[in-house]
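# The following block contains a protein sequence and its predicted model.
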Amino acid sequence: MSICAIVAVDENWGIGNKGELLISLPEDQKQNFKVKTLGHPVIYGRKTLETFPGGKLLPGRPNIILSRNPDLAVEGAIVMHSIEEVLEYTKKDPEETFFIIGGAQIYEQFLPYCDTCVISKIHKSFKADAFFPNLDNLKEWKLLSREATVNSVKGVSFAIWTYTRIKA
């Protein structure tokens, strides 16, 4: 089993502000996020679900929602209530890649269990109140690859950087 965080960050590793994405990049969503996660389980928090259009699940992939609320039920999704429960679930399918897709607390809690991070690095700074850990400052992470820069219709450019955890 493999656990991969996938996230878009600005130049300061910001990921959100006031519960919303900093910017929505259609090219990143279609050519990176969707391509990589389609058919694979995605793990995210309840607050992230609330930011999806219409609060609807992501189609074409099992949706695992992490919530402290023991009464939360979301039709079509698997709701779990602790990181330990999610990690135990991931062990059931050793060949699968599980994608952590947010928000900030979920990324922070799962980063120690990730072996890969796919980072869409946006070449701009935004006002942010939620951040992803700066992997360039963490000795256990190494930049594995950088894809070519893409210019978005939103007037910014970004590139996909893939990091791997250094095995001790």
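Structure's in. What do you need? Small disclaimer: the values here were computed from a predicted structure and weren't measured.

# C-alpha only now, for contacts and for neighbours.
Noted.

# Am I right that I160 falls within a strand?
Yes - secondary structure of I160 (DSSP: H, G, I helix; E, B strand; the rest coil): part of a strand.

# Excluding chain neighbours, give the residue nearest to it in space.
Distance criterion CA to CA, 6 or more residues apart in numbering; nearest residue to I160, sequence neighbours excluded, is S120 at 4.5 Å.

# ok, that neighbour - contacts?
Contact partners of S120, counting by CA atoms under 8 Å, 6 or more residues apart in numbering, are I6, V7, A8, V9, D28, F158, A159, I160, W161.

# which of those lies closest to F132?
Nearest to F132 among the contacts of S120 is V9, at 7.2 Å by CA to CA.

# rewinding a little: taking the contacts of S120 together, which two end up most distant?
I6 and F158 (14.2 Å).

# that older thread, identify the bridge partners of the residue nearest to I160.
Beta-bridge partners for S120, by DSSP bridges, are A8, I160.

# If I look at it, what pLDDT would I see?
pLDDT for S120: 98.

# Check the spacing between the most centrally placed residue in the chain and A148 real quick.
In the chain, the C-alpha nearest the mean C-alpha coordinate belongs to I101, at 2.5 Å (CA atoms, centre = their mean). Applying CA to CA, to the nearest Å, the value for I101 to A148 is 22 Å.

# likewise G39?
From G39 across to A148, the span is 25 Å (CA to CA).

# Tell me which residues touch S2, please.
Contacts of S2 by CA under 8 Å, 6+ apart are P94, E95, E96, T97, F98, C114, D115.

# Apply 6 Å and report the result again.
For S2, the contacting residues are T97, by CA atoms under 6 Å, 6 or more residues apart in numbering.

# now do D115
By CA under 6 Å, 6+ apart, the contact set of D115 is I3, T164, R165.

# could the residues you listed go into JSON lines alongside secondary structure?
Formatted as JSON lines, these follow (three-state DSSP):
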{"residue": "I3", "secondary structure": "strand"}
{"residue": "T164", "secondary structure": "strand"}
{"residue": "R165", "secondary structure": "strand"}
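
# Which secondary structure state does I65 sit in?
Using three-state DSSP, the three-state assignment for I65 comes out as strand.

# List the beta-bridge partners for it.
Assessed by DSSP bridges, I65 has beta-bridge partners Y44, V79.

# quick one: it from D10, how far?
I65 sits 25 Å away from D10, going by CA to CA.

# now do A104
Distance of A104 to D10, computed by CA to CA: 14 Å.

# Could you do T37 as well?
Computed as CA to CA, the T37 to D10 distance reads 21 Å.
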